[in-house]
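1. My questions are about this predicted structure, shown below with the sequence.
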Amino acid sequence: MGFKDTARAIGPESFGLVLVLGLAVVFVLAFTNQLPFLPAVDKNLQTWGSLVGIAFAVPSTLISVKLGMRARKKVAALREKDVERQALLHHEVHESYRSIEAFREQSESMIKQLEHAISQNKEILQVLRSPEAPIKTVKPQKPKLEMKMVLLGEADTGKTTLKDRWLFKSSLRKDYKATTDAECGVGHVNTTAGAVAIQVWDTAGHDKLTHKAKKYYSGSNCCGIVFDVSRHETYLKAVRWYEDFLSHGPGDDAFVAFIGNKVDLPWDPQLPSRKELEHNIDHPCFFVSTKTGLNVDHAFDMMSLGAVVKHRLVDRKQASLKKQENRRRQTMIRRETAPVMSIQYA
């Protein structure tokens, strides 16, 4: 083992200490004249003093330099680890901030959607808050109310499959054929207002058959206007279907909702985003998938509930108008009979 190998094996500090002790032993022997090959101490004392100073200074200096280099390496390693920890901490903080922001945006979107839906009809909100609000399910019973719901929209937007999904929980038809007139199915919804039978009319969507759909508008309590989120033109025509229903149907007496179907397909880039649609449409808007069944039951339950509430509001409105008409007639009769009574008293 060489000189350097010994230093590496025992460490620079221990090696320097051994070297200093060894030199001290040599100098003691030299001062006692036990080493004849060295000059006599009393003859050359100044030379010996210089040698002793150099012998002790050199190892001390080497040890100090070595310890300083080792300390510098440790400091550099600690700084590097600190930088890595700061980078990791910064990444975690950034990811946490992004998660919080995403949750906040989602919460704000849900709140805005809820506020927008509530603001569409304050009267419905008042009824829902009342003790008689029809929002709890009860045991099945004989229907007390019968509602009519029509599904409007362009061909191949999924109206028939939407109806079948809710009524029969069936999947897509492999042998698809466009509806040429209208198809009807009956579903039942149980509420605290009683069991409600919902007639769902699936109308034709081709331009040449639009006139046939209009005859089913009459007597409708609810209207679902369906469009395909993967085809922008179906949304543009859905607005026309809505205007046509207002012109030839019961108008404001019916509950209207828009249904964006086929959300399992890629969204048409020309179509406004989901948030923009929910904000721009002045009626409730549901996004469903007849292929997977996503939100289908929820959409029909909410439309059925809206139809029941709207029906109650219409009945109250008609009853109020009837009372006003009776009061007006009674006032007219009193005015007509007042002169006659005054003549008799005269």
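-> Cool, the structure landed.

2. wait, doesn't residue 145 sit right on residue 308?
-> Yes: counting by Cβ atoms under 8 Å, residue 308 is a contact partner of residue 145 at 6.7 Å. Heads up, the C-betas are built off the backbone N, CA and C, glycines and all.

3. Between the two, point out the one with more neighbours.
-> residue 308 (24 against 18; other Cβ atoms under 10 Å).

4. you'd agree that one is in a helix?
-> Yes: per DSSP: H, G, I helix; E, B strand; the rest coil, residue 308 lies within a helix segment.

5. Okay, now the unreliable bits of the stretch 201-346 of the chain?
-> 205-213, 338-346 (pLDDT under 70).

6. how about the strands in it?
-> 222-228, 255-261, 285-287 (DSSP state E, counting those that start in this stretch).

7. Disregarding flanking residues, what is the spatial nearest neighbour of residue 311?
-> Spatially, and ignoring its direct neighbours in sequence, residue 311 is nearest to residue 221 (5.6 Å; Cβ to Cβ, 6 or more residues apart in numbering).

8. List the residues that contact that neighbour.
-> Residue 221 makes contacts with 147-149, 250, 254-255, 307, 310-311, as judged by Cβ atoms under 8 Å, 6 or more residues apart in numbering.

9. what's it sitting at in phi/psi?
-> phi -100, psi -20 (degrees, to the nearest 10).

10. measure it to residue 319 for me?
-> The gap separating residue 221 from residue 319 is 17 Å, by Cβ to Cβ, to the nearest Å.

11. before we move on, what about residue 291?
-> In terms of Cβ to Cβ, residue 291 sits 44 Å off from residue 319.

12. The nearest residue to residue 160 once chain neighbours are set aside bridge partners, please.
-> Closest residue to residue 160 apart from its sequence neighbours, by Cβ to Cβ, 6+ apart: residue 202 at 5.1 Å. For residue 202, the beta-bridge partners are residue 151, residue 183 (DSSP bridges).

13. And residue 197, by the same measure?
-> residue 146, residue 188.

14. Residue 220: neighbouring residues, count only.
-> A total of 22 residues lie near residue 220 under the criterion other Cβ under 10 Å.

15. Isn't it up against residue 250?
-> Yes: counting by Cβ under 8 Å, residue 220 does reach residue 250; the two are 5.8 Å apart.

16. can you put the strands of the stretch 201-346 of the chain in TSV and add distance to residue 328 and mean neighbour count?
-> As requested, these are arranged in TSV below (distance: least, Cβ to Cβ, whole Å; neighbours: other Cβ atoms under 10 Å):
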stretch	distance to residue 328	mean neighbour count
strand 222-228	32	26
strand 255-261	30	26
strand 285-287	41	19
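
17. quick one, which of the ones you listed is nearest to residue 105?
-> strand 285-287 (17.7 Å; Cβ to Cβ).

18. buried sites along stretch 239-250?
-> By 16 or more other Cβ atoms under 10 Å, the buried positions in stretch 239-250 come out as 241-242, 244-245, 249-250.

19. Out of those, flag the one nearest to residue 66.
-> Once Cβ to Cβ is applied, the member of those that ends up nearest residue 66 is residue 242, at 86.6 Å.

20. which residues does that closest one contact?
-> 152, 225, 256, 258.

21. Can you tell me who the third one pairs with across the strands?
-> Bridge pairing for residue 256 (DSSP bridges) gives the partners residue 223.

22. Surely it touches residue 283?
-> Yes: counting by Cβ under 8 Å, residue 283 is a contact partner of residue 256 at 4.9 Å.
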